[in-house]
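**Student:** What follows is a predicted structure for the sequence shown.
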Amino acid sequence: MVRITDADFDDFVENVHLSWPQTVKDVVQHIRDMLLKKHEQYDSSVFRPICILSSANTADQLRIRIDDRLHKLMCLKPHEMEGSRERRIIYDLTGFLINYCAYQSVHNPEIWGLDNDA
């Protein structure tokens, strides 16, 4: 099982280039790697929830997870801002937003397809 640790992120931050475009590329690559590792760990559980206690469809489950992360951000105390807890929530939120876009691009390609201009 692969785990993403704070040390992994710290190593990533130390190696970030000073140019903004390169920094954006590096952050996106880090998030991509994180999502692929989580996919490997949890075997697409985000797209195939087992629905023991909920009958919500996949898109709604993703929306619920997004809402949950937004709520967690809103509830952060001032001393938790710009810390590792905020970072983890932001990365989780970003991951769920990307997963939501990926899910919708497959199930609603006429609206969410990758060939549609944003």
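**Tutor:** Received it, and whenever you're ready, just let me know what you need. Residues are numbered from 1 along each chain as shown.
**Student:** Spit out the contact partners of the residue most central in space within the chain.
**Tutor:** Central residue of the chain (CA atoms, centre = their mean): residue 95, 1.0 Å from the mean position. Neighbouring residues of residue 95 by CB atoms under 8 Å, 6 or more residues apart in numbering: 31, 34, 35, 38. Glycine gets a C-beta too; all of them are placed from N, C-alpha and C.
**Student:** any idea how far residue 61 is from the second one?
**Tutor:** Relative to residue 61, residue 34 is positioned 20 Å away (CB to CB, to the nearest Å).
**Student:** How about residue 48?
**Tutor:** 10 Å.
**Student:** can you check residue 35 too?
**Tutor:** Applying CB to CB to residue 35 and residue 61 gives a distance of 16 Å.
**Student:** picking that back up, and the contacts of residue 95, which of them are buried?
**Tutor:** Neighbour-count burial (16 or more other CB atoms under 10 Å) applied to the contacts of residue 95 gives 34, 35, 38.
**Student:** Quickly find the element holding the last one.
**Tutor:** Which is residue 38. According to DSSP states H and E, residue 38 maps onto helix 20-42.
**Student:** Just the helices from the protein, written as ranges.
**Tutor:** Ranges of helices in the chain, per DSSP state H, are 6-14, 20-42, 58-74, 84-107, 109-112.
**Student:** before we move on, back to that, comparing residue 48 and residue 61, which residue is more hemmed in?
**Tutor:** The neighbour comparison of residue 48 against residue 61 (other CB atoms under 10 Å) goes to residue 61, with 19 against 10.
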